[in-house]
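S.K.: Build me a structure from this.
(2 chains, ligands or ions: 2)
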Amino acid sequence: MNQLREYYERRELLSNLVLRELRSRYKRSALGWTWSLLNPLSSVLIYWVVFGVFLKVKAPIGDPSGQGNFVLFLLCALIPWNFFSNGVTQSIESLVVNAGLIRKVYFPRELLVASTIGGLLVTFMIELGVVVVILLIAGNMVLPWLPIVVLLVILQTLLVLGIGLLLSGANVYFRDVRHFVNLLIPMLFYSTPVVYPISYVPVNWQVAGRSIPLRSIYEMNPLVQLVGAYRALLYDLTFPSIGSLAYIAVWSIGLVVIGQFVFNRLDHRLAEEV
Amino acid sequence: MTAAVVVDHVSKRYRLYHERNQSLKASLLRGRRARYEDFMALNDVSFEIKEGTAFGLIGENGSGKSTMLKCMARILRPDGGSITTRGKLSALLELGAGFHPELSGRENVYLNGAILGLSRREIDARFDEIVDFSGIEQFIDAPVKNYSSGMYVRLGFAVAINVDPAVLLIDEVLAVGDQEFQNKCTEKISQFRREGRTIVVVSHALSSVRELCDEVALIEHGRLIQVGPAVDTIDHYLTEILSIDPATLGIARRSTGEIQLQGVELLGESGEPVGSLALGDSVTFRFHFNALKPVSGPVFGMSLTSSDGVLVTGTNSRDQGLSLEIPTGLGWIDLAVPRLLVSSGKYHVTGTIYDTTQMTPIHEVGDLHAFDVAEGNPKTSGITSLGGTWRA
Ligand SMILES: Nc1ncnc2c1ncn2[C@@H]1O[C@H](COP(=O)(O)OP(=O)(O)O)[C@@H](O)[C@H]1O
Ligand SMILES: [Mg+2]
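M.R.: Ligands and ions are numbered 1, 2, ... in the order given. Below is the predicted model of the structure:
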């Protein structure tokens, strides 16, 4: 509660830090902000060619949208995924990158984590806007679902913030944390149905004569639920299951609470160690 | 009178890691985090700073002054004790404010203002004053990474002082910048004081500390040695810690502190450090110093005193017509002695730096170094040797 008030009281600083984040991101590149659209574009292209064309992954027909385009199917999950993976990797580095500020001035340091994610949130929203326009052109009437998409974006932001708070402090003390996470991110990517539909994951898996409920285990990953919810709203044009929304919410809020707790513990000697 | 800052039994420990590389693997192998030793940078320090006064912190390099200011600024958290401050606090620590190198001066002013708790509108209202004070209008839209260190400090100072703080902390930055800017700072600080605000300064320039501060605290190895009226504390520091002869106290009090003598190294013929010497050895005295700003034409001097207090010899760089331009930063100056002609015993080195007029002392350290001389060849009686050779 206290922390919430702190975020609120320093909202001016938070928005300033977000602005700084955005301004400095493409400061010395010729293409500037175009990069923020070129990056997802190139990954969409690669995944479409490799998974859609070479491996012939079939996008399921959206119910009730009737949509069956693999690129659209990909976009609805890939853009949120990118926000997750960039958010986690960059927020973990946010304290180390801003060592100069931490050593020189006092302010609540969690704002650095929050503003890094805030900057990425802005690009995510822009990308999402572009996706919405593409979907509308393709005949997917997504507008009525947008309020729930916004709710989902908020939950996802909290999820990323929680992980960022949890690991950014630790990363100051152990620089290995970042490398460890860089290792985990691709594993998470392929254990989330971004480039393939969840129906490709066997319900049961036979190993050494025993049956393992693989799909149920797979679905415990909150990112599976998250990506599923985005797809339901944007691709299928239907309401995601309440259970899955609640599951995401529990993870998000839980991680923020734990993350903030851990962050407060590690905050103590940040200026010396960073 | 109420206190603006109360420092109550504050201790601060740093961890000195034996190997800086803190990898997870190393920690896992060892079962715990990297090994470290605790180092007490502040040890049970208590004092009060009254509202509306100027307070100085003095002490030798590494005594814990900057650590104290950082604790006041809440950048570091004390391990023991507490610090309470009344009102908004703004700090200008070593090497300026927390600027982002890629952003322009303008963007950094807004960012810094926001960090210090100002709203956008409040910064808008002060922006012109800040830029005007810093005197870098032409560069305000250039990235700060292109700024010189002087410009950097000017802007940092302009922001720190114009955000309407009740308490201002300044660490060693007053010595930077040209005379005009320093005058502006002095003027601003006087105005600041007239408005009943509180200032805490750390400075090597004992003369300005004496002029500016009402009270001064002396810190030595993290402990508070003395706190009280500026004159008393500074004199105590000069006589007890720096071993300045009471007879020359007047000189020391006037020192500007722009260059700081840090130590002497004794080097042998091939430049290797030597511990002890013998009569007749060739030796180079290397004086290490830290210049807080560029100084033109300073005069370095040294003298040797025997252990019973007799002045053996003295020399300075001007005597030999050496004219020096010292840039900001660390540096050294050598005194090469082809044959050390003093008899066996212990000797003390006094180091002095004067400005180009040789009237104003910059820094003086009474007992900068001590070394032993062993009996050598030729043997001698008395305090010195002629280095002569008997012939028949
Ligand atoms: N981050 C740090 N980690 C370990 N030791 C430090 C750190 N910062 C300062 N120290 C040590 O603490 C002591 C006090 O430093 P400081 O407060 O900067 O002294 P001063 O400002 O009086 O010169 C010094 O011995 C210094 O080496
Ligand atoms: Mg210092």
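S.K.: Averaged pLDDT, stretch A:208-224. What do you get?
M.R.: The pLDDT scores in stretch A:208-224 average 93.
S.K.: Checking residue A:84 next. Helix, strand or coil?
M.R.: Here residue A:84 is recorded as helix under DSSP: H, G, I helix; E, B strand; the rest coil.
S.K.: what sits against residue B:267?
M.R.: B:273, B:274, B:283, B:284, B:286, B:334 (C-beta atoms under 8 Å, 6 or more residues apart in numbering or on different chains). No exception for glycine: its C-beta is placed from N, CA and C like everyone else's.
S.K.: among those residues, which ones are buried?
M.R.: B:283, B:284, B:286 (16 or more other C-beta atoms under 10 Å in any protein chain shown).
S.K.: The first one touches residue B:268, doesn't it?
M.R.: Yes - taking C-beta atoms under 8 Å as the definition, residue B:283 is a contact partner of residue B:268 at 6.9 Å.
S.K.: between these two, what contacts are shared?
M.R.: In contact with both residue B:283 and residue B:268: residue B:274, using C-beta under 8 Å, 6+ apart.
S.K.: where are the low-confidence patches of chain A?
M.R.: A:1 (pLDDT under 70).
S.K.: So which of the contacts of residue B:267 is the closest to residue B:301?
M.R.: The closest of the contacts of residue B:267 to residue B:301 turns out to be residue B:334 (C-beta to C-beta; 13.9 Å).
S.K.: The closest one sits in which helix or strand?
M.R.: Applying DSSP states H and E as the criterion places residue B:334 in strand B:329-337.
S.K.: can you tell me the average pLDDT over that strand?
M.R.: 92.
S.K.: List the contacts of that strand.
M.R.: By C-beta under 8 Å, 6+ apart, strand B:329-337 touches B:265, B:267, B:282-291, B:300, B:302, B:315, B:317, B:324.
S.K.: So what's the gap between the one helix or strand residue A:255 maps to and the chain middle?
M.R.: Assigned by DSSP H and E, residue A:255 belongs to helix A:242-266. Chain-centre distance of helix A:242-266: 14 Å, with C-alpha atoms, centre = their mean, to the nearest Å.
S.K.: ok, back up a step: just the contacts of residue B:267 that are near ligand 1?
M.R.: Restricting the contacts of residue B:267 to those touching ligand 1 (C-beta under 6 Å from any ligand atom) yields no residues.
S.K.: As a markdown table, those residues with distance to residue A:207 would be great.
M.R.: Putting the contacts of residue B:267 into a markdown table (distance: C-beta to C-beta, whole Å) gives the following:
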| residue | distance to residue A:207 |
| --- | --- |
| B:273 | 68 |
| B:274 | 73 |
| B:283 | 79 |
| B:284 | 77 |
| B:286 | 73 |
| B:334 | 77 |
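S.K.: and the residues you listed, which two are the farthest apart?
M.R.: Farthest pair in the contacts of residue B:267 (C-beta to C-beta) is B:274 and B:334. Separation: 14.0 Å.
S.K.: low-scoring stretches of the stretch 1-150 of chain B, by residue?
M.R.: Filtered on pLDDT under 70, the stretch 1-150 of chain B yields the residue ranges B:19-34, B:94-97.
S.K.: Residues contacting stretch A:18-28, please?
M.R.: The contact list for stretch A:18-28, computed with C-beta under 8 Å, 6+ apart, reads A:32-33, A:35-36, A:115-116, A:118-119, A:122, B:100, B:102-103, B:107, B:111, B:143.
S.K.: which parts of that stretch are buried?
M.R.: So for stretch A:18-28, counting by 16+ other C-beta under 10 Å, buried means A:18, A:19, A:20, A:21, A:22, A:23, A:24, A:25.
S.K.: before we move on, what about stretch B:215-226?
M.R.: B:215, B:216, B:217, B:218, B:219, B:220, B:222, B:224, B:225, B:226.
S.K.: How about the stretch 1-150 of chain A: which residue is closest to chain B?
M.R.: Going by C-beta to the nearest C-beta, chain B is nearest to residue A:104 of the stretch 1-150 of chain A, at 3.5 Å.
S.K.: Can you spell out the domain ranges of chain B, please?
M.R.: According to automatic domain parsing, chain B comprises the domains B:3-17+B:37-249, B:259-374.
S.K.: could you dump those domains to JSON lines with distance to residue A:80?
M.R.: Formatted as JSON lines, these follow (distance: least, C-beta to C-beta, whole Å):
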{"stretch": "domain B:3-17+B:37-249", "distance to residue A:80": "29"}
{"stretch": "domain B:259-374", "distance to residue A:80": "50"}
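S.K.: most tightly surrounded among those?
M.R.: domain B:3-17+B:37-249 (a mean of 19; mean count of other C-beta atoms under 10 Å in any protein chain shown).
S.K.: can you give me the end-to-end distance of that one?
M.R.: Taking C-alpha to C-alpha, to the nearest Å, domain B:3-17+B:37-249 runs 32 Å from one end to the other.
S.K.: Noted, bye for now.
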